[in-house]
Structures are given as C-alpha cells and as structure tokens.
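Novice: Provided below for reference: sequence and predicted model.
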Amino acid sequence: MYVHPDSKETVFLSTLKTENTNQLIVNYLTHTNLSAFKKRLQDKALNLEKVNENLYQMKSREANNQFFIDKDSLVGGTQFHYFKFTLTYDKGTRF
C-alpha cells in the first residue's frame, strides 16, 4: 500500500491482543473511489465470503481476514473513503 505524502491520505496500523487471539488492524482513508477495490474483493479466486454489502471475509483454521468498506467521511472539507482490514489469529499461530 502506497500513500503519497502530499495526498493527505492516512493509514493507521494497530494491534489488539486478548487472552487467546491477536488482531492486526489497518485503517485507510483515501480520496480514491473504492468501487474498483470492492469489485476485486468479489473475485472468486480470492475465496472471500460476502457477509454483507460492505464486509468480505475469509476464514481458515489459522486466521480470519476481514475487509470492510465503511461510509465516506468529510475531514477538513475533503471527502475520504474509509477501508479497514483486520487479520485475527490465535496466539501461537505461525504463518
């Protein structure tokens, strides 16, 4: 994922640890329309399950990958499109 420094686009990376699982979370605010990205999520080769209009996921024994497209946000007069990726896996999982 590339974010040009002059674009005002933003990427937030965070982790969440619970007793049994770890989560890696990437939040991305972009100016780019996400309709092409959403179309790619529907590609059968990716084996993603469409949970609802804005949530796609792939579950396996080792991990759960989720792609979520949220509502647009207006920040400082600029419209951003919001995308979130979450990887959830059990502690001790090796990739």
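Specialist: It's in.

Novice: list the contacts for the closest residue to residue 64 other than its chain neighbours?
Specialist: Leaving aside its sequence neighbours, residue 64 sits nearest to residue 88 (CB to CB, 6 or more residues apart in numbering; 4.5 Å). Every C-beta, even on glycine, is put in place using the N, C-alpha and C of the backbone. Contacts for residue 88 (CB atoms under 8 Å, 6 or more residues apart in numbering) come out as 21, 22, 23, 63, 64, 66.

Novice: And residue 82, by the same measure?
Specialist: 27, 28, 29, 69, 70, 71, 72, 73.

Novice: Okay, the fifth one and residue 15: tell me how far apart.
Specialist: Spelled out, that is residue 70. Residue 70 sits at a distance of 20 Å from residue 15 (criterion: CB to CB, to the nearest Å).

Novice: These two: which is more packed in?
Specialist: Higher neighbour count among residue 70 and residue 15: residue 70, with 14 against 9, using other CB atoms under 10 Å.

Novice: and the more buried one, what does it touch?
Specialist: 54, 82, 83, 84.

Novice: Does residue 72 touch residue 80 like I think?
Specialist: Yes - if you go by CB atoms under 8 Å, residue 72 and residue 80 touch, sitting 6.5 Å apart.

Novice: more neighbours, the two?
Specialist: The residue with more neighbours, out of residue 72 and residue 80, is residue 80; 18 against 13, by other CB under 10 Å.

Novice: does the more buried one sit in a helix, a strand or a coil?
Specialist: Secondary structure assignment for residue 80 (DSSP: H, G, I helix; E, B strand; the rest coil): strand.

Novice: After the helix or strand hosting residue 29, which helix or strand is next? Please name it.
Specialist: Under the criterion of DSSP states H and E, residue 29 resides in strand 21-30. With elements assigned by DSSP H and E, the helix or strand that comes after strand 21-30 is helix 35-41.

Novice: residue contacts, residue 3?
Specialist: Contacts of residue 3 (CB under 8 Å, 6+ apart): 9, 10, 11.

Novice: What pairs with the helix or strand containing residue 88, parallel or antiparallel?
Specialist: Using DSSP H and E, residue 88 sits in strand 78-90. Strand 78-90 pairs in its sheet with strand 21-30 (antiparallel), strand 63-69 (antiparallel), strand 73-75 (antiparallel), by DSSP bridges.
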